[in-house]
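this is the structure alone, sequence omitted:
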């Protein structure tokens, strides 16, 4: 009888802990550094997937406004041959105070990198037609060839259409 009550009590405690931890569990946000060589490798080694690369910053109002649409895109394409990647141009010292809190607030569901270029000009030089304005979204086909170059804020429908165009052109 005592064993049964004790086991029942332990079971209730375990269920309560599991339920509470399930409600409070927030996914750990991991932001990886990226430099010029790593970015170029990421673009070229597509493994058959289209890449949507969004360059943004936590201090950029249009970047922040379009971010939820990127999260929706990542959800839509999570089982497709499409990879969504964000590249933050924030300063390293803002990673824990600005970048990660913003990503947590927006329930980021795609890979995020933080620029670690020797000079930001190295990033800009990767895209000769770019002057450095953000947000910048570049879509590459499954072979790593640039197909879309989009400066400025866009919405889910625009990005979705652009991805579909790239997917359809590579069939």
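All right, it came through fine. In this text the structure is predicted, and so the values were computed from the model without any measurement.

and residue 100, what helix or strand is that in?
If you go by DSSP states H and E, residue 100 is part of helix 100-105.

tell me the buried residues in that helix?
Buried positions in helix 100-105, judged by neighbour count with 16 or more other CB atoms under 10 Å: 100, 102, 103. For glycine as for every other residue, the C-beta is placed from the backbone atoms N, C-alpha and C.

isn't residue 150 right up against residue 137?
Yes - applying CB atoms under 8 Å, one finds residue 150 in contact with residue 137, separated by 4.3 Å.

out of the two, which sits in the busier spot?
residue 137 (24 against 16; other CB atoms under 10 Å).

could you look up the SS state of the more buried one?
Using DSSP: H, G, I helix; E, B strand; the rest coil, the secondary structure recorded for residue 137 is strand.

quick one: it from residue 89, how far?
13 Å (CB to CB, to the nearest Å).

which residue is the nearest non-sequential neighbour of residue 55?
Closest residue in space to residue 55, ignoring its immediate chain neighbours: residue 136 at 4.3 Å, by CB to CB, 6 or more residues apart in numbering.

from residue 103, how far off is the closest residue to residue 34 other than its chain neighbours?
Residue nearest to residue 34 in three dimensions, not counting chain neighbours: residue 113, with 3.8 Å by CB to CB, 6+ apart. Separation of residue 113 from residue 103 (CB to CB) stands at 12 Å.

again, but for residue 154
Remark: distance between residue 154 and residue 103 (CB to CB) = 20 Å.

low-scoring stretches of this structure, by residue?
1-27, 171 (pLDDT under 70).

and the spatially most central residue of it, how far from residue 48?
Centroid-nearest residue in the chain, with CA atoms, centre = their mean: residue 110, separated by 3.5 Å. When distance is defined by CB to CB, residue 110 is 18 Å away from residue 48.
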